[in-house]
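Peer 1: this is a predicted model, with the sequence first.
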Amino acid sequence: MNVDWFDFELPERLIAQTPLLDRTSSRLLTLDKKTGEIGHGGFTDLERFLQPGDVLVLNDTRVIPARLTGIKSDTGAKVELLLLSRLEGDTWDALGKPAKRLKVGTELSFGDDGAGQPLLRAVIEQEGEMGGRKVRFIYEGIFQELLDRLGEMPLPPYIKEKLEERERYQTVYSKHAGSAAAPTAGLHFTDEYLAKLQAKGVKLAYITLHVGLGTFRPMSVELVEDHEMHAEYYELDQTNATIINEAKASGARIIAVGTTSSRTLETVAARFEGKPLEACNGWTSIFIFPGYRFKLVDALLTNFHLPKSTLVMLVSALAGRDAVMKAYGEAIANDYRFFSFGDAMFIY
């Protein structure tokens, strides 16, 4: 299957640069995966497509201010690290820029304690592909507090505008810090709207997937089947596993909020091979593209994604490539806003 099969022309003006003032004021394109019927409305129309007993599965990861700007301790040259995932202790997977300056053994400094000493130091311990680096941090105090003080939110490269309010790149239900990017389908919800859906009888379940390197790594192969996903850490606790199990047993729909929730649900479904889910955690590198048969996910709320991306391929696996490309064509023709701060799409 050729990667170019998932390409499309996207006008740059449709790439949303800033979040809307009201989270729920985005538009919503709906796609019936059985008939191919496309509808247009506002995000709050979502409730018309949900039934009592349906379960919305939300990724409660929290984005860390993972972009650090500092200097090489020996030369003073400016460098940047994008933290992707904690490996163990104070060692992290990161992307380095410019990578050619970040050789094994290189020491980096970040911030100033007021006495001429850095607040945070780092040592490059291992070099990887495409700028990937294994980094060990050295500091006094609490790492998360230092990161909050020194780091910036790691907005995707297609967003050029400065984010005025950090919390607008977090979901309102974000809880577990660890992501290098937001699960953006969830950015449309407010606490009030979630409460309204619950009052209708819709249930909420939470999983955690810390979004990492895969979000930033472009596909560099010609054939879809040759692409390898980077592993990301996930968790599911027993309370939420039970909510999902009971819904599935009753015939209610499991609705993934975002591709990250979809990938986590399908990972745990494969892990338990048709049996009831149990509390679990681990690393997933699942790659979902057309031909895949979903085991748990019945419907999907998502944003509009990059051409030739693994995310477009996942959406196409659920609704069919032709139907998705037609829907994307309508979205472009109707000036929908694309990507992280853009509008939403509901596939049911």
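Peer 2: Yep, that arrived. Residues are numbered from 1 along each chain as shown.

Peer 1: quick check: longest strand of the chain.
Peer 2: Secondary structure of the chain per DSSP state E: the longest strand is strand 78-88.

Peer 1: for A333, grab the count of nearby residues.
Peer 2: When neighbours are counted by other CB atoms under 10 Å, A333 registers 8. For glycine as for every other residue, the C-beta is placed from the backbone atoms N, C-alpha and C.

Peer 1: now A77
Peer 2: Around A77 there are 12 residues (other CB under 10 Å).

Peer 1: ok, it - contacts?
Peer 2: A77 is in contact with I71, R101, counting by CB atoms under 8 Å, 6 or more residues apart in numbering.

Peer 1: any idea how far apart the tips of stretch 18-33 sit?
Peer 2: 30 Å (CA to CA, to the nearest Å).

Peer 1: could you list the buried residues of that stretch?
Peer 2: P19, L20, R23, T24, S26, R27, L28, L29, T30, L31, K33 (16 or more other CB atoms under 10 Å).

Peer 1: identify those among these that sit within strands.
Peer 2: R27, L28, L29, T30, L31.

Peer 1: is it true that the second one touches F43?
Peer 2: Yes: using CB atoms under 8 Å, L28 and F43 qualify as a contacting pair, with a distance of 4.8 Å.

Peer 1: overlap in contacts, the two.
Peer 2: D343, A344.

Peer 1: the residue in the chain sticking out farthest from the centre: which element?
Peer 2: No residue in the chain sits farther from the centre than A115, which is 39.0 Å out by CA atoms, centre = their mean. Using DSSP states H and E, A115 is not contained in any helix or strand.

Peer 1: and of the buried residues of stretch 18-33, the nearest to K203?
Peer 2: Using CB to CB, T24 is the member of the buried residues of stretch 18-33 that lies nearest K203, at 19.6 Å.

Peer 1: contact partners for T91?
Peer 2: Each residue near T91 by CB under 8 Å, 6+ apart is listed here: E125, K134, V135, R136, F137.

Peer 1: quick one: the last one is in a strand?
Peer 2: Meaning F137. Yes: applying DSSP: H, G, I helix; E, B strand; the rest coil, one finds F137 inside a strand.

Peer 1: tell me how far it lies from D298.
Peer 2: F137 is 42 Å from D298, where distance means CB to CB, to the nearest Å.

Peer 1: can you check the first one too?
Peer 2: With the distance defined as CB to CB, E125 ends up 44 Å from D298.

Peer 1: more crowded one of these two?
Peer 2: Using other CB under 10 Å as the criterion, E125 and D298 rank with D298 on top: 18 against 15.

Peer 1: skipping its backbone neighbours, what lies nearest the more buried one in space?
Peer 2: Leaving out its chain neighbours, the residue that sits closest to D298 by CB to CB, 6 or more residues apart in numbering is R253, at 4.1 Å.

Peer 1: ok, the one you found touching D54?
Peer 2: Yes: the pair R253 and D54 passes the contact test of CB under 8 Å, sitting 4.8 Å apart.

Peer 1: domain parsing for the protein?
Peer 2: Using automatic domain parsing, the domain parsing of the chain gives 3-63+164-347, 67-150.

Peer 1: what about the shortest one, how long is it end to end?
Peer 2: In this case it means domain 67-150. Note: domain 67-150 ends 9 Å apart using CA to CA.

Peer 1: now do the first one
Peer 2: End-to-end distance of domain 3-63+164-347: 22 Å, with CA to CA as the criterion.

Peer 1: what average pLDDT does it get?
Peer 2: Mean pLDDT, computed over domain 3-63+164-347, is 96.

Peer 1: quick one on the thing from earlier: relative to the whole chain's centre, how far out is the longest strand of the chain?
Peer 2: 17 Å (CA atoms, centre = their mean, to the nearest Å).

Peer 1: ok, the next helix-or-strand element following that strand: who's next to it in the sheet?
Peer 2: Following strand 78-88 in sequence order, the next helix or strand is strand 91-97 (DSSP H and E). Using DSSP bridges, the strands paired with strand 91-97 are strand 78-88 (antiparallel), strand 132-139 (antiparallel).
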